[in-house]
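*Asks:* requesting a structural model of the entry that follows:
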Amino acid sequence: MAFPSNNSRRLTTLLLAAGASSRMRGQDKLLQPIDGIPLLRVLVERVSDISDQVLVALPQDRPARAAALKGTSAQSIVVPEASEGMAHSLKGALSFVRPDASAVMIVPADMPELTATDFATLSEMHQTHPDLIIRGAAEDGRPGHPVIFPQPYFLALSELSGDVGARSILQENKSHIHLCPLPAEHALTDLDTPEEWATWYAAQSDRGL
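*Replies:* Numbering: from 1, shown residues only. Sure thing, here's the model as predicted:
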């Protein structure tokens with residue numbers, strides 16, 4: 001797939017990477033290696049081709065995450081209130097979005113199956129339907145991530161609170177959501193525990209990946 005040009009509409013990507021990895025028992029899920037490269041860096045590299053700007057929301061107490069981003073095009077945004085919930089990560093990074101951005105794509109940073117082609121597919125859908133919320137989905141239609149919010153939704157995103165992310169905005173705007181199916185369960189697979197990571201690694205090995 002040829003990656004789309006963003007000359008007409010400018011897309012900012014916001015990677016939510018300020019979580020505590022509390023279920024990883026001392027490990028950091030965002031630094032788990034994908035072909036020897038930390039997951040967080042892999043996602044930045046995969047999304048960079050279709051993004052005019054890549055912002056990464058980080059907590060204050062994870063310097064290794066910031067180090068993993070050195071040399072990439074991403075801009076690190078430290079969120080002091082990260083422990084208070086996902087909404088603080090969103091609000092903290094939104095103020096850094098370029099004023100000419102047509103939309104922001106929100107990507108949880110613990111989703112290793114999202115590929116560069118997946119991000120390109122979502123971007124192309126935004127180019128085609130610029131006024132709609134574009135939401136990644138599994139092949140069978142189950143909604144997941146990433147989600148692209150056009151500029152008119154930025155104010156609502158900036159007013160969120162708590163740890164439920166943008167769920168309330170999605171609920172209130174169901175008629176303005178366009179689901180974008182991605183292969184298999186790329187839009188659903190997030191890995192939160194060492195056991196989940198071990199199972200996932202084994203599955204990749206079985207597939208020869």
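*Asks:* what pairs with the longest strand belonging to the chain, and is each one parallel or antiparallel?
*Replies:* Longest strand of the chain, by residue count under DSSP state E: strand 143-150. Paired strands of strand 143-150, with direction, are strand 103-108 (antiparallel), strand 133-137 (antiparallel) (DSSP bridges).
*Asks:* which one, of the ones you listed, ends up nearest to Ser158?
*Replies:* Nearest to Ser158 among the strands paired with strand 143-150 is strand 103-108; the distance by C-beta to C-beta comes to 10.7 Å. C-beta coordinates here come from the backbone N, C-alpha and C atoms, glycine included.
*Asks:* got a list of contacts for the one helix or strand in the chain whose mean pLDDT sits lowest?
*Replies:* Counting by mean pLDDT, DSSP states H and E, the chain has its least confident helix or strand at helix 86-94, which shows a mean of 82. With contact meaning C-beta atoms under 8 Å, 6 or more residues apart in numbering, helix 86-94 is reached by 14, 16, 18-19, 55-57, 77-82, 104, 106, 154, 157-158, 160-166.
*Asks:* filter those residues to the buried ones?
*Replies:* Neighbour-count burial (16 or more other C-beta atoms under 10 Å) applied to the contacts of helix 86-94 gives 14, 16, 18-19, 55-57, 77-79, 82, 104, 106, 154, 157, 160, 165-166.
*Asks:* which of these fall in helices?
*Replies:* Secondary structure from DSSP state H places Phe154, Leu157 of the buried ones among the contacts of helix 86-94 in helices.
*Asks:* in strands, which of the buried ones among the contacts of helix 86-94 appear?
*Replies:* Leu14, Leu16, Leu55, Val56, Ala57, Ile77, Val78, Val104, Ile106.
*Asks:* any idea how far the nearest residue to Val79 once chain neighbours are set aside is from Arg25?
*Replies:* Distances taken as C-beta to C-beta, 6 or more residues apart in numbering place Gly92 nearest to Val79, at 4.0 Å, with adjacent residues excluded. Distance, Gly92 to Arg25, by C-beta to C-beta, to the nearest Å: 27 Å.
*Asks:* okay, the two: which has more neighbours?
*Replies:* Higher neighbour count among Gly92 and Arg25: Gly92, with 21 against 9, using other C-beta atoms under 10 Å.
*Asks:* thinking again about what came up before, looking at the strands paired with strand 143-150, spot the one closest to Asp190.
*Replies:* Here strand 103-108 is closest among the strands paired with strand 143-150 (C-beta to C-beta), at 6.1 Å.
*Asks:* what does the next helix or strand after that closest one contact?
*Replies:* Moving toward the C-terminus from strand 103-108, the next helix or strand (DSSP states H and E) is helix 116-128. Applying C-beta under 8 Å, 6+ apart, the external contacts of helix 116-128 come out as 1, 3-4, 6, 8-9, 11, 13, 45-47, 49-51, 102-103, 105, 134, 136, 146, 148, 150, 178, 180, 182-183, 186-187.
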